[in-house]
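Enquirer: just coords:
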């Protein structure tokens, strides 16, 4: 296990050398894994592309930013802290918020609902497109992508639970 996670060596995408790292640390320690790889390869923070789940975004909504705060996401807090900068490009992938009866930890570590599992390949395609846009230098300071949804799911109170 290199760099405290699963590591795939560089390949060429859109004319750029790209390596992949999935930290196997606890989420709030992700920065340790990332900074180890960054130091080894002498990579600048703006040359990273961090992808993480976000309960503050509805399922299927993706938001790219080239810099800024972590928005409360513990893994990104760790990465920004270890990198000592807010200038780390990131793609937030919306997984929606749980209903009040469900603990946030169980929500993000649990399984997707069937409708979400069925839609996940489309979310992956959006994320892949966002990465390609960034690699081509077409991302700018930020953009948002959204799955086309049929109708939002309702919780037991008849309100949208953020996973629709």
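Expert: On my side now, so go ahead. Please read these numbers as outputs of a predicted model, since none were measured by experiment. Numbers count the residues shown, from 1 in each chain.
Enquirer: use CA for all of it now, contacts and neighbours both
Expert: OK.
Enquirer: in the protein, which residue is closest to the centre?
Expert: Closest residue to the average C-alpha location of the chain: residue 52 at 2.0 Å, with CA atoms, centre = their mean.
Enquirer: so what touches the strand or helix carrying residue 78?
Expert: Per DSSP states H and E: residue 78 is located in helix 74-83. With contact meaning CA atoms under 8 Å, 6 or more residues apart in numbering, helix 74-83 is reached by 27-32, 34-35, 45, 52, 69-70, 86, 88.
Enquirer: by contact count, what packs against the top helix by length along the chain?
Expert: Longest helix in the chain by number of residues (criterion: DSSP state H): helix 114-135. Here helix 114-135 touches strand 61-65, strand 90-94, going by 3 or more CA pairs under 8 Å, 6 or more residues apart in numbering; DSSP states H and E.
Enquirer: just name the shakiest helix or strand of this structure by mean pLDDT.
Expert: Least confident helix or strand of the chain, by mean pLDDT, DSSP states H and E, is helix 104-109 with a mean of 84.
Enquirer: now which of the contacts of helix 74-83 would you call buried?
Expert: 29, 30, 31, 32, 34, 35, 45, 70, 86, 88 (16 or more other CA atoms under 10 Å).
Enquirer: could you look up the SS state of the first one?
Expert: The three-state label given to residue 29 by DSSP: H, G, I helix; E, B strand; the rest coil is helix.
Enquirer: also the last one?
Expert: Classification of residue 88 using three-state DSSP returns coil.
Enquirer: who's in contact with residue 88?
Expert: 45, 46, 47, 48, 49, 50, 66, 67, 68, 80.
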